[in-house]
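1. I need the structure of the sequence given here:
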Amino acid sequence: MYNRKLYRASESPINYVNQGHVMIIGDYDHVLKDYLKRDFAIDFKVNHVQALGYPHVWNEQKAIPENTKAVDPRAGFGTKETPSYRPTTLNANYDRDNWKQAFARCYITGIRYDFFDKKLEETYGVMEDLIAKDYNDMFVDFSRKTANDFWNGTGTLAGTTENDLVYCGVLSQITDKTAIVSGANIADALTTKITSLMTRLDYTNYPDVICMNPATYDIIMKQEQNRDIYSKPVDMEIIPGISVPAFYTPMGKLPIVLTPFIKPVTGSGKTTHSIVALNTSMIDKLYMFNDGPQTYEIANPDNPLANDRLLTDKFVMDFANYIVHGAHTGAHFIMTYEVTA
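-> Down below sits the predicted model:
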């Protein structure tokens, strides 16, 4: 490989001067200016569970029978003359006939380039290795799409229609949704909501993370700054050396995860922001075959069997879906807040 420069002097934007005794072919900046966002992680851990079939099936218990009663110490359930301490009736309703199922969804992307383009880039390319860069961007595209659908996917867990081919998004699985009164303090509303969960007797699952759009977080910070006593933002170390904003609640500090995929919705002159509380220990990434996307090569010019065009053809494939368990328990909830657009 010679790594020679190729100039096409007859075309813009290369500077080209041919006048009299002067002929100049200008150079150019060999650094490709690229400021595109490439970090699209979900930003917190969930359980990784291998599917037990297609579909994956599970069951939930939603009740504990209430059979405990206070009785006369001398009579029990009978009389003082004929005492009996054996309960006469017992409730055996555990409400555990709640079978559910979910299908893993298949996401695919790929990259393809022919022999001539590849060799041109290898031999004459003067910028960075664009083939390697584009290969990396294939994974960026995959992460961006799947991260968006993790939150906003419009499919259903058990659906089998064309519309169900995407993930069942986390936002659509959460049933506990509350609107914050316009003009109210968001932090106070969150504190009241979490306090109400702590008073429940049926479930003890609480959120362990609060997620929102950065624009929503900005509203909260401005509300706190407008209080009589300025409230300094709180940080929380989630892993050694990594800190994120945190929120004080009656149950302690909860980390705040900022993501662009919880998108404010604008309409009718108002913008609705969503604050999403999750218990990540109750969210399963359901996967089949491989725990994560796999790369497959179906055409390689260095092994041109049945590849007369000498193509390079690779694709990425993943079979997965996300299940939000306990959506009815208070472990996950969404609070919305409207502002004038």
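2. for residue 289, give me its contacts.
-> Residues near residue 289 by C-beta atoms under 8 Å, 6 or more residues apart in numbering: residue 319. C-beta coordinates here come from the backbone N, C-alpha and C atoms, glycine included.
3. residue 160 versus that one, what's the distance?
-> Relative to residue 160, residue 289 is positioned 20 Å away (C-beta to C-beta, to the nearest Å).
4. pretty sure residue 109 sits in a strand.
-> Yes: assessed by DSSP: H, G, I helix; E, B strand; the rest coil, residue 109 belongs to a strand.
5. ok, it - contacts?
-> With contact taken as C-beta under 8 Å, 6+ apart, residue 109 is in contact with 138, 141, 142, 145, 315, 316.
6. tell me what the strand or helix carrying the first one is packed against?
-> With elements delineated by DSSP states H and E, residue 138 resides in helix 130-152, which encompasses its position. Using 3 or more C-beta pairs under 8 Å, 6 or more residues apart in numbering; DSSP states H and E as the contact criterion, the secondary-structure elements in contact with helix 130-152 are strand 105-113, helix 115-124, helix 170-173, strand 312-324.
7. figure out which of those is closest to residue 130.
-> Using C-beta to C-beta as the measure, helix 115-124 is the one of these that comes nearest residue 130, at 5.7 Å.
8. thinking again about what came up before, ok, of the contacts of residue 109, which one's closest to residue 75?
-> Minimum distance to residue 75 across those is 68.5 Å, recorded for residue 145 (C-beta to C-beta).
9. is it possible to get a markdown table of the helices and strands packed on helix 130-152 that adds mean pLDDT?
-> Formatted as a markdown table, the entries for these read as follows, by pLDDT from 0 to 100:
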| stretch | mean pLDDT |
| --- | --- |
| strand 105-113 | 88 |
| helix 115-124 | 75 |
| helix 170-173 | 94 |
| strand 312-324 | 88 |
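10. any chance of the ones you listed in a markdown table, plus distance to residue 221?
-> Formatted as a markdown table, the helices and strands packed on helix 130-152 follow (distance: least, C-beta to C-beta, whole Å):
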| stretch | distance to residue 221 |
| --- | --- |
| strand 105-113 | 35 |
| helix 115-124 | 47 |
| helix 170-173 | 23 |
| strand 312-324 | 28 |
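11. closest to residue 255 out of these?
-> When these are compared for distance to residue 255 using C-beta to C-beta, the nearest one is helix 170-173, at 16.6 Å.
12. following that closest one, which helix or strand shows up next?
-> Stepping forward along the backbone from helix 170-173, the first helix or strand reached (DSSP H and E) is strand 177-179.
13. among the helices and strands packed on helix 130-152, which comes closest to residue 60?
-> With C-beta to C-beta, the closest approach to residue 60 among these belongs to strand 312-324: 11.0 Å.
14. check which helix or strand covers the residue nearest to residue 179 when sequence neighbours are not counted.
-> Distance criterion C-beta to C-beta, 6 or more residues apart in numbering; nearest residue to residue 179, sequence neighbours excluded, is residue 336 at 5.0 Å. When elements are defined using DSSP H and E, residue 336 is found to belong to strand 333-340.
15. can you list the helices and strands that that strand packs against?
-> Under the contact criterion of 3+ C-beta pairs under 8 Å, 6+ apart, the helices and strands touching strand 333-340 comprise strand 177-179, helix 186-198, helix 214-225, strand 270-278.
16. ok, 7 Å please
-> Under the contact definition 3 or more C-beta pairs under 7 Å, 6 or more residues apart in numbering; DSSP states H and E, strand 333-340 sits against strand 177-179, helix 186-198, strand 270-278.
17. rewinding a little: and the residue nearest to residue 179, bridged to which residues?
-> residue 179, residue 274 (DSSP bridges).
18. residue 91: which of the helices and strands packed on helix 130-152 is closest?
-> Taking C-beta to C-beta as the criterion, strand 312-324 is the member of the helices and strands packed on helix 130-152 that comes nearest to residue 91, at 29.4 Å.
19. strand partners (parallel or antiparallel) of that closest one?
-> Paired strands of strand 312-324, with direction, are strand 105-113 (antiparallel), strand 283-287 (antiparallel), strand 294-299 (antiparallel) (DSSP bridges).
20. highest mean neighbour count out of these?
-> Per residue and on average, the most neighbours among those fall to strand 283-287, with a mean of 21 (mean count of other C-beta atoms under 10 Å).
21. now do that strand: everything it contacts.
-> Identification of contacts with strand 283-287 by C-beta atoms under 7 Å, 6 or more residues apart in numbering yields 46-51, 56, 102, 104, 319-325.
22. quick check: residue 155 touching residue 164?
-> Yes: with contact taken as C-beta atoms under 7 Å, residue 155 and residue 164 are classed as touching, separated by 4.0 Å.
23. which of these two has more neighbours?
-> For residue 155 against residue 164, the residue with the higher neighbour count under other C-beta atoms under 10 Å is residue 155, and the figures read 22 against 18.
24. off-centre distance for the strand holding residue 336?
-> For strand 333-340, the distance between its averaged C-alpha position and the chain's averaged C-alpha position is 19 Å (C-alpha atoms, centre = their mean, to the nearest Å).
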